[in-house]
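Trainee: Sequence below, structure please.
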Amino acid sequence: MMELDGLKFHHLGLATKNEKKATDFLRGLGYSINEIVYDPLQNVNLILCKHESYPNVEIIFPKYINDINSPLSNIFKFQSELVYHICYTTTDLELSINKIKKLGLRVIPISLKKRAILFNNDLVSFYKIVGFGIIEILELNKD
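Mentor: Predicted coordinates:
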């Protein structure tokens, strides 16, 4: 089946309160760990971790440990770490969303498009796919 062939896997999103433990674990698996990047539009710190044969992991953590304004605060009410989203890339967001809907799936927008510092200022947006979970869509080559 190629219904969603416009979407390509990019990374797993790991929310954590303790980025050191997360990076230590990933480093132990052979991941290269990029520098911390603060994204003021998303109000989070980010670290992209890459591996030659494992999926990329984006570590997301609040700027301040107990920041109640962090977009992660709801996640941290229940857990201190969680892989909570899968990111896919697309070159045509509207087409990709329509393809998901054509499969009979409900798509609920969670966030508006924002420039993502970690990904060369390309646009990102988040969606809840009912029955699947949260996805982030990274729009490549958008101005």
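Trainee: got the buried residues for the helix or strand bottoming out on mean pLDDT in the chain?
Mentor: Averaged element by element with mean pLDDT, DSSP states H and E, the chain has its least confident helix or strand at helix 73-76 (a mean of 84). For helix 73-76, a neighbour-count test (16 or more other Cβ atoms under 10 Å) marks 75, 76 as buried. C-beta: built from backbone N, CA, C; applies to glycine.
Trainee: Repeat that for stretch 125-142.
Mentor: Result for stretch 125-142 [16+ other Cβ under 10 Å]: buried residues 125, 126, 127, 129, 135, 136, 137, 138, 139.
Trainee: repeat for stretch 81-97
Mentor: Per 16+ other Cβ under 10 Å, stretch 81-97 contains these buried residues: 81, 84, 85, 86, 87, 88, 89, 90, 93, 96, 97.
Trainee: what distance separates the start and the end of that stretch?
Mentor: Criterion Cα to Cα, to the nearest Å; first-to-last residue distance in stretch 81-97 is 28 Å.
Trainee: which residues touch that stretch?
Mentor: With contact meaning Cβ atoms under 8 Å, 6 or more residues apart in numbering, stretch 81-97 is reached by 4, 6-18, 22, 58, 75, 107, 113, 123-127, 133-141.
Trainee: Likewise for stretch 50-58?
Mentor: So stretch 50-58 is contacted by 9-14, 26, 29-32, 34, 46-49, 87, 118 (Cβ under 8 Å, 6+ apart).
Trainee: ok so, going back, moving C-terminal of the least confident helix or strand of the chain, what's the next helix or strand?
Mentor: Once the chain leaves helix 73-76, the next helix or strand it forms, by DSSP states H and E, is strand 81-90.
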